[in-house]
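**Student:** Quick one: sequence plus predicted model below, questions after.
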Amino acid sequence: MKNYAEELVYWYLRFNGFFPLTNFVLHRQDLTSNQNADADLLGVRPKFVREEVGRGHVDKALFNSDNLNLAKNIGIICEVKSGMQRHPRIPLDQEDRILYALKRIGFFAGEKLRIHAQTLKSNKVARGDFHEVGKLFISEREEDLPGFICITLGHVERFILERIDQFSDEKEGSRHFFDSDMLQYMIWKQGQGRR
């Protein structure tokens, strides 16, 4: 089960056109490490994905020339931290775990898998001709972790609430169809503020 922070990030990725997968287990027998781990979220965003509600409204903090390119198929490996600890432990800075996640995303094969895993060990984005994969770190506090696109949970929440406000008729009219008590509540609460 996702915690509140992972659920917020799940909907952030969905509202940005990703198809997310939660709590992806990185099995110990396939890692050089002897500890189990997970990637909080993996996501794939095809370059031609379009949705009527939203009309291409995406977060500029995630999609810009330094981060992810909307003209490519995008994979995302995401780590979410809801605590305020300094220097959090990040399992996705290890090459074997990055490689494992890249295999699941499925954009690269053979030697390109290893090359992109090595790239992502120290860089926030691995770029191919048609695909790219980024590492996203989302936490309560402002972080500047090398090798990650860093965004705060507050930014994620503001993006979701802004999206709910911008498309209030569509969101309010269908809030019970969202498979998330938290998102249903956020849509209802924003609607109360407009009344």
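**Tutor:** Sure, I can see it. Residues are numbered from 1 along each chain as shown.

**Student:** Quickly note the distance from Ala61 to Tyr12.
**Tutor:** Relative to Tyr12, Ala61 is positioned 10 Å away (CB to CB, to the nearest Å). Using the backbone N, CA and C atoms, a C-beta is placed for each residue, glycine as well.

**Student:** With Lys47 instead?
**Tutor:** For Lys47 relative to Tyr12 (CB to CB), the value is 19 Å.

**Student:** do Leu145 as well
**Tutor:** In terms of CB to CB, Leu145 sits 18 Å off from Tyr12.

**Student:** higher neighbour count, those two?
**Tutor:** Tyr12 (27 against 16; other CB atoms under 10 Å).

**Student:** contacting residues around the strand or helix carrying that one?
**Tutor:** Tyr12 is part of helix 4-15 when elements are defined by DSSP states H and E. With CB atoms under 8 Å, 6 or more residues apart in numbering as the test, helix 4-15 has contacts from 2, 20, 22-23, 40-41, 43, 54, 59, 76, 78, 80-82, 138, 140, 153, 156-157, 159-160, 163, 180, 182-183.

**Student:** in this protein, which spans are strands?
**Tutor:** 19-26, 37-45, 73-81, 125-127, 131-139, 149-152 (DSSP state E).

**Student:** Can you lay out the ones you listed as a markdown table showing mean neighbour count, mean pLDDT and distance to Phe107?
**Tutor:** Formatted as a markdown table, these follow (neighbours: other CB atoms under 10 Å; pLDDT from 0 to 100; distance: least, CB to CB, whole Å):
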| stretch | mean neighbour count | mean pLDDT | distance to Phe107 |
| --- | --- | --- | --- |
| strand 19-26 | 16 | 80 | 13 |
| strand 37-45 | 22 | 84 | 8 |
| strand 73-81 | 24 | 94 | 6 |
| strand 125-127 | 20 | 95 | 9 |
| strand 131-139 | 24 | 94 | 4 |
| strand 149-152 | 19 | 95 | 17 |
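
**Student:** I'd like these laid out as TSV, including distance to Arg97.
**Tutor:** Below are the strands of the chain laid out as TSV (distance: least, CB to CB, whole Å):
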stretch	distance to Arg97
strand 19-26	5
strand 37-45	6
strand 73-81	9
strand 125-127	14
strand 131-139	11
strand 149-152	17
